[in-house]
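Peer 1: coords below, sequence missing:
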């Protein structure tokens with residue numbers, strides 16, 4: 001059974017175009033409120049990032065929820081993981097996030113959290129979509145929902161983030177450049193690290209509604225590299241527009257991606273006697289991460305690309321640590337969802353406890369050269385339906401043996417085949433990637 005509106009990360013699109021129209025978002029708020037009301041009248045929390053369209057969607061959601069008889073608690077700009085935390089701790093039955101994460105300001109989206117601060121189940125999303133097929137009906141005037149603004153949301157979340165670092169963590173002596181992508185963490189992340197005694201140089205902290213993720217943040221780490229070198233900083237921290245992604249930069253100006261961050265946190269967990277049984281990566285996680293994790297006697301599992309699938313795999317295995325190369329890191333022993341600030345604190349705690357630099361902490365993991373080629377095709381197709389493509393993949397796998405791997409998959413959202421090869425020999429990786437990509441192009445373009 002396919003959903004009409006919900007994707008793997010809520011509902012997202014260009015502002016003003018279906019489904020991200022004010023009319024639809026009002027009805028979405030009403031539909032979510034109707035589902036919530038079936039379980040007894042509750043309240044919903046609404047938070048947003050810094051996009052100019054957030055004002056419009058906040059009002060629409062509030063009106064829709066009120067029409068269904070649901071009260072709204074308005075947080076204003078707040079990171080996605082902060083909304084998940086406050087949904088749980090303020091006793092709300094629903095958390096609503098207005099954000100398109102790392103996308104530009106022209107896009108926006110809606111994500112929901114359950115009362116437990118986790119993403120909604122498929123069953124609840126189906127219920128909401130069922131209500132969307134009905135006409136809006138307003139409860140009686142005496143039953144209409146009310147709206148209230150939470151004034152201390154920022155302080156509550158800052159204290160929570162600090163509490164996830166090991167006791168006695170002190171960042172004094174560390175100079176940190178913090179890039180908030182002109183997004184939802186602009187008034188939170190610098191304060192978290194400063195209150196733990198770090199010297200903080202904040203950038204990307206002047207949102208104007210139009211500049212979110214614009215050449216800054218985790219999707220543009222080159223900017224952070226320059227600032228770290230310019231200020232002779234020890235560490236650079238880059239978050240995305242809604243604060244659930246983390247990319248770091250060491251004192252040499254080298255980018256530390258999600259795979260390396262995941263490795264560092266795993267080693268930190270072992271030092272703190274919280275040894276994970278295993279770590280979850282994705283199909284795109286570097287082979288070097290898998291080998292480094294297994295070398296420590298831990299299990300390693302790969303999920304499909306997307307933090308939703310990483311979370312599912314963690315719960316299936318009963319593990320607490322997983323993430324993606326893009327910087328979505330999930331520490332279920334600390335919080336319920338991916339959180340860039342919380343993840344950064346686990347890395348900084350490792351620096352504090354060991355006295356080692358970020359560059360030294362990542363050195364235990366040797367990244368394999370990796371190359372990705374996206375081949376646009378006529379229409380969606382199974383790439384392994386071609387014998388020639390299958391033969392090219394088999395040849396590459398045999399050539400790489402235990403020193404590499406091949407990933408060939410169709411995009412889930414567009415007519416495209418992704419060809420990824422990684423191995424110890426960069427030149428060989430490049431040659432094999434091109435050979436497979438050429439076969440895909442010859443067969444399907």
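Peer 2: Perfect, thanks for sending it. Since we're looking at a predicted model, the values are computed, not measured.
Peer 1: I'd like the distance between residue 8 and residue 305.
Peer 2: As judged by C-beta to C-beta, to the nearest Å, residue 8 and residue 305 stand 9 Å apart. C-beta here means a position set from N, CA and C on the backbone, and glycine is covered the same way.
Peer 1: Just give me the neighbour total for residue 401.
Peer 2: For residue 401, the neighbour count with other C-beta atoms under 10 Å is 8.
Peer 1: Tell me how far it lies from residue 392.
Peer 2: 16 Å.
Peer 1: How about residue 205?
Peer 2: For residue 205, the distance to residue 392 - C-beta to C-beta - is 48 Å.
Peer 1: So between these two, which is more surrounded?
Peer 2: Shown here are residue 205 and residue 392; by other C-beta under 10 Å, residue 392 has more neighbours (22 against 17).
Peer 1: secondary structure class for that one?
Peer 2: Following DSSP: H, G, I helix; E, B strand; the rest coil, residue 392 is assigned to helix.
Peer 1: Just the pLDDT at it, thanks.
Peer 2: For residue 392, the pLDDT comes out at 96.
Peer 1: So it versus residue 440, what's the distance?
Peer 2: 8 Å.
Peer 1: And for residue 381?
Peer 2: Distance from residue 381 to residue 440, by C-beta to C-beta: 10 Å.
Peer 1: Which helix or strand lies directly C-terminal to the helix or strand containing residue 72?
Peer 2: Assigned by DSSP states H and E, residue 72 belongs to strand 71-77. Sequence order places helix 80-89 as the next helix or strand after strand 71-77, per DSSP H and E.
Peer 1: who does the following helix or strand past that following helix touch, helix- and strand-wise?
Peer 2: Note on helix 80-89: by DSSP H and E, the next helix or strand toward the C-terminus is strand 94-98. For strand 94-98, the contact count by 3 or more C-beta pairs under 8 Å, 6 or more residues apart in numbering; DSSP states H and E identifies helix 22-38, strand 43-48, helix 54-67, helix 80-89, strand 107-114 as packing neighbours.
Peer 1: Just give me the neighbour total for residue 116.
Peer 2: Residue 116 has 11 nearby residues by other C-beta under 10 Å.
Peer 1: Can you spell out the domain ranges of the chain, please?
Peer 2: The chain breaks down by automatic domain parsing into domains covering 11-151, 157-362, 370-444.
Peer 1: To residue 3, which of the ones you listed lies closest?
Peer 2: Nearest to residue 3, of all these, is domain 11-151, at 5.9 Å by C-beta to C-beta.
Peer 1: related to what we said a few turns ago, what about the strand holding residue 72, distance to the chain center?
Peer 2: Here strand 71-77 is found 22 Å from its chain centre; the criterion is C-alpha atoms, centre = their mean, to the nearest Å.
Peer 1: Between helix 80-89 and that strand, find me the angle.
Peer 2: 150 degrees (axes from the mean of the first three to the mean of the last three C-alpha atoms, to 10 degrees).
Peer 1: in stretch 39-50, what counts as buried?
Peer 2: Using 16 or more other C-beta atoms under 10 Å as the test for burial, stretch 39-50 gives 41, 42, 43, 44, 45, 46, 47, 48, 49, 50.
Peer 1: which residue packs closest to the second one, ignoring adjacent ones?
Peer 2: Counting by C-beta to C-beta, 6 or more residues apart in numbering, residue 93 is the residue found nearest to residue 42 once chain neighbours are left out, at 3.3 Å.
Peer 1: Could you pull out the buried residues of stretch 116-129?
Peer 2: Buried residues in stretch 116-129, counting neighbours by 16+ other C-beta under 10 Å, are found at 117, 118, 119, 120, 124, 125, 127, 128, 129.
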